[in-house]
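**Student:** Okay, predicted coordinates and the sequence, questions at the end:
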Amino acid sequence: MEKANVNLKDLVPTKLKPCKHLVANATGGASYILAFLLVVFLSNIAHALLRTFRQPRVVAETLVGLIAGNIVRPNKDIFANVIQTLSNIKDFGMIFHMFALGLEMDPCMLFQRPTREAMVAYSGMLSTFILALFLTPFFNYSELPSLEFTFSLSVTLTSTASPLLTRIITDHKIGKSEIGRLVVAAGIHADFLSTLLISIGFIILSIDKSVSFRDYKGILKITSSLIGQVLVTVVISPIFMGWVNHENPPGKPLKGSHMVLSVAFVVISCSCSTFAGYSPVMSAFISGIVLPREGRLSKMMISKVNYFLNSIFYPIFFVWVGVMVNFRKFDPGNPWTWARMFFIFVVATVGKVVGTFLLGMMLGLNRSESVVLGLLLNVKGHFHMYMALSAVQVSPLIRTTRDYALGTYVSAPSFAKKEQIMQNIWFNTVSYKIIVFQNAIISSSTGTGLTIAIFLTVAYAPLVVRYIIGRVKKRSPNQRMALQWLNPINELRILLCVHSPQQLPSTINFIEISRGRDDPAIMVYVTDMIEMTEKIESTIVKKQGDEVATVTDKAVVEMRDQITSAIKTYEEENSVSGITLRRMLALSAFSVMHQDICIFAENLLVSLVVLPFHKYQAADGKMVESQPKFRYVNRKVLQYAPCSVGILVDRGFGSANKISRSSISLKAAIIFIGGKDDREALAYASHVAMHPGVKLTVIRFLLDTNNSCAKSTRLGSSNVSLPEQEEEMKLDDEFFADFYERHVGGQVAYMEKYLKNSSETMSALQSLEGKYGLIIVGRGGRVNSVLTVGMNDWQQCPELGPVGDLLSGSSSVVSASILIIQQHRLKGELAALTEEFCVM
């Protein structure tokens, strides 16, 4: 009996074979999703670790991508599909990246008279271009050296990654300084001009096989298609986007049909020239330039595209970078490998520094700041890595038959050529896919070196910014920024922070009572405290001018507009009264928000920072905790502030009627026990005392001299020396006497209370219920005051001090609003940038 030859594959029903492929595709898709989530998770961890060194997120994502791409290398069958998938994603995502970059650029800057920022940018570009053009040919960066390649590389080295540079500047909180604004504006000029030159280069040059000139027919075809694309976009886009904005006013969700039409219009606008053979990436940049940047639709596009880039594309992009940067082919034993890598870094850096330094000498800039400008303008980013590694992966040829590969292998003229072909060919055993990377412009080793050089330009930038801050630390004055030492003829500057529009009434009333008389003037910086989330971070758009960046998140914009509208209304009503209001934004994670506030305070030379209490008054009168993390911010500001700090506990101060200057509309009290914080509270009360609509009562708590222990307890402490106590009491008496002489009388009443101990102090404080709408107290700083001894033991909120905590606590019968003030402490000073810091 003959044995039957049965193939097991034939036993599988034909109908089940599609299910097999479906399961395989689903498994592959799940693997990609899990890998993406793992990369994002690792990037977040790396960013959290590197954030201590103020490194931008791109550094963490690059490191994770390099590690993932070199350690985790599947077999060649799977690797062929992985690299093809990543290549498609990086091309697709880079289109979005360049579209967003173009949308944020203003083409009119090229036709305006060159500003100082433009001259700084162009001088650095020119010197870098000249150095690269004459020196790079000696290092043979291209596999097929040519003048066209050298020219293209030189132009690319002149550019600046303005999005990354803006992020670094804002993360280090120097965006409001003159050098911060100068660097960001110059970076935008350099980025725009260099990218525009690269776009023009893609019209003239072809990189399909090597960098070479196109024939005149190809150039005319692409040029005409681009002109048509630009003209159509310029003419139609304002009409179309204006119609969409009109049909979808702010405050209402964008209609789905209008969203689809908008996306379709943008896609058509970006793809017209690609049919003529133009690069889709550069076509998206050109379309972004000519599209309108104003209006709801443009802001929404920027917000959504940036969210996609930061959340999804960039982690995948750096995995592709890691795959392409194959350290196994780096060839570290070849000295030319290291020479090429470091030389390209040196040429780009020296070129920028030389250009900005020479221009700085002409404009009168400081030499050190001129060098700093050049170093920061040398920052490269995503697009530059894309260009470098795309030159390694030029024109991948995909074949689907085993015969092509075998035929190519057999016809190879030498064994070395056969081995090279086998290294560049991967087989997929299911479909026999072959990916052949032919005609690479630069070698894999050179591409790896260029990527590392680009990475170094980003990594050193935070160190340069820290150097700037370190220099300013030495220049910043060590004077005390407090109300007690403020010259009465000088302008009073206050940084007033708000959490939400609900605090607007108390904010306006506080500004009103703080202004005192119309002379001297008062400057109030109303600052929004907003937590930085990933969603909000993706909506940040860089700008030129005083505002380095702005947020386009809908909720944030609506909140800020509401606050700004109320502030402007109040300012217009008091336009001739010597009051000036400015708007600020503290946009950070809660863990570092206090740094924003402290740096703002020092930049703006304010004497007082006022923070809202982290609790608000509910309808039933009880204090309810709104956001516990704001309490952390308040405590950190108290610890590190470069000026005096106040915390406002609003318990009806905002719901009170608008304070008038024509009649008494507020009764306020200042409690003075003694110490530097009480003196600072009294100094603030001197401004309140001059307001015609406020009836101020000064209440001084004095130790009862009839008490047998009064003398021994008034002087004498194990913690503070006797001379220091005597000096403090002398300062209290002198400062209070000066206040009494200048203010007491008329609308300012004076009251003394003689107390024996802290128990009587508590009773005296509770007796203030119903008499005042606002009570001003010092946080602490009292030297051996028997009147407050032991009160710290039951504090609920130590940041308010013993008296402030007692008056605002849940068990207190006092319903008045409380303002707690702490005087500036030099030991908590945060040295940062001063307003006078200048590169001139």
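**Tutor:** Cool, got the structure.
**Student:** Name the SS class of residue 517, please.
**Tutor:** coil (DSSP: H, G, I helix; E, B strand; the rest coil).
**Student:** and the closest residue to it other than its chain neighbours, how far is that from residue 64?
**Tutor:** Spatial nearest neighbour of residue 517, chain neighbours left out: residue 690 (4.7 Å); criterion: CB to CB, 6 or more residues apart in numbering. C-beta here means a position set from N, CA and C on the backbone, and glycine is covered the same way. Going from residue 690 to residue 64 by CB to CB, to the nearest Å gives 59 Å.
**Student:** ok, the two, which is more surrounded?
**Tutor:** Taking neighbours as other CB atoms under 10 Å, residue 690 and residue 64 compare with residue 64 leading, 24 against 18.
**Student:** circling back: now the residue nearest to residue 517: phi and psi?
**Tutor:** Backbone torsions for residue 690, taken as degrees, to the nearest 10, come to phi -90, psi 0.
**Student:** if I read this right, it contacts residue 513, doesn't it?
**Tutor:** No - contact criterion CB atoms under 8 Å: residue 690 and residue 513 do not qualify, at 9.8 Å.
**Student:** The helix or strand encompassing residue 80 - contacts with which helices or strands?
**Tutor:** Under the criterion of DSSP states H and E, residue 80 resides in helix 76-103. Packing contacts for helix 76-103, counted by 3 or more CB pairs under 8 Å, 6 or more residues apart in numbering; DSSP states H and E, involve helix 178-204, helix 256-271, helix 280-290, helix 296-308, helix 314-324, helix 382-390, strand 396-399, strand 434-437.
**Student:** and the second one, C-alpha only, in CSV?
**Tutor:** Looking back up the chat, that one is helix 256-271. Extracted as CSV, the C-alpha positions of helix 256-271 are listed here (Å, rounded to 0.1, in the frame of the first residue of the first chain):
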residue,chain,number,x,y,z
GLY,A,256,-18.6,69.0,11.8
SER,A,257,-19.3,69.8,8.1
HIS,A,258,-17.2,73.0,8.4
MET,A,259,-14.4,71.0,10.0
VAL,A,260,-14.4,68.5,7.1
LEU,A,261,-14.4,71.3,4.5
SER,A,262,-11.5,73.0,6.3
VAL,A,263,-9.4,69.9,6.4
ALA,A,264,-10.1,69.2,2.7
PHE,A,265,-9.2,72.7,1.8
VAL,A,266,-5.9,72.6,3.6
VAL,A,267,-5.1,69.2,2.1
ILE,A,268,-5.8,70.4,-1.4
SER,A,269,-3.8,73.6,-0.7
CYS,A,270,-0.8,71.6,0.4
SER,A,271,-0.8,69.0,-2.3
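**Student:** burial of the residue nearest to residue 584 when sequence neighbours are not counted, as a residue count?
**Tutor:** The shortest distance from residue 584 to any non-neighbouring residue, by CB to CB, 6+ apart, is to residue 527 (4.0 Å). Other residues near residue 527 number 23, with proximity taken as other CB under 10 Å.
**Student:** Wasn't residue 527 part of a strand?
**Tutor:** Yes - looking at residue 527 with three-state DSSP, it is inside a strand.
**Student:** Make 53 the starting number, not 1.
**Tutor:** In the new count, where the first residue is 53, that last one comes out as residue 579.
**Student:** my guess is it contacts residue 555, does it?
**Tutor:** No - using CB under 8 Å, residue 579 is not in contact with residue 555; the gap is 11.7 Å.
**Student:** What angle do helix 366-376 and the helix or strand containing residue 507 make with each other?
**Tutor:** Using DSSP H and E, the element containing residue 507 is helix 496-511. Angle of helix 496-511 versus helix 366-376, following axes from the mean of the first three to the mean of the last three CA atoms, to 10 degrees, is 140 degrees.
**Student:** Which residues does helix 496-511 contact?
**Tutor:** 107-108, 110-111, 114, 193, 213, 216, 373, 376-379, 381-383, 386, 389-390, 392-394, 396-397, 400-401, 430-433, 436-437, 440-441, 443-444, 494 (CB atoms under 8 Å, 6 or more residues apart in numbering).
**Student:** Show me what the helix or strand hosting residue 776 is packed up against.
**Tutor:** Here residue 776, judged by DSSP H and E, is contained in helix 774-795. Secondary-structure packing of helix 774-795 (3+ CB pairs under 8 Å, 6+ apart): helix 728-741, strand 746-755.
**Student:** what packs against the longest one?
**Tutor:** In other words, helix 728-741. Secondary elements touching helix 728-741 (3+ CB pairs under 8 Å, 6+ apart): helix 556-566, strand 718-724, strand 746-755, helix 774-795, strand 826-830, strand 869-874.
**Student:** how far does whatever helix or strand comes next after the longest one sit from the chain's center?
**Tutor:** Counting by DSSP H and E, the element after helix 774-795 in chain order, helix or strand, is strand 800-807. Centroid separation for strand 800-807 versus its chain: 50 Å, with CA atoms, centre = their mean, to the nearest Å.
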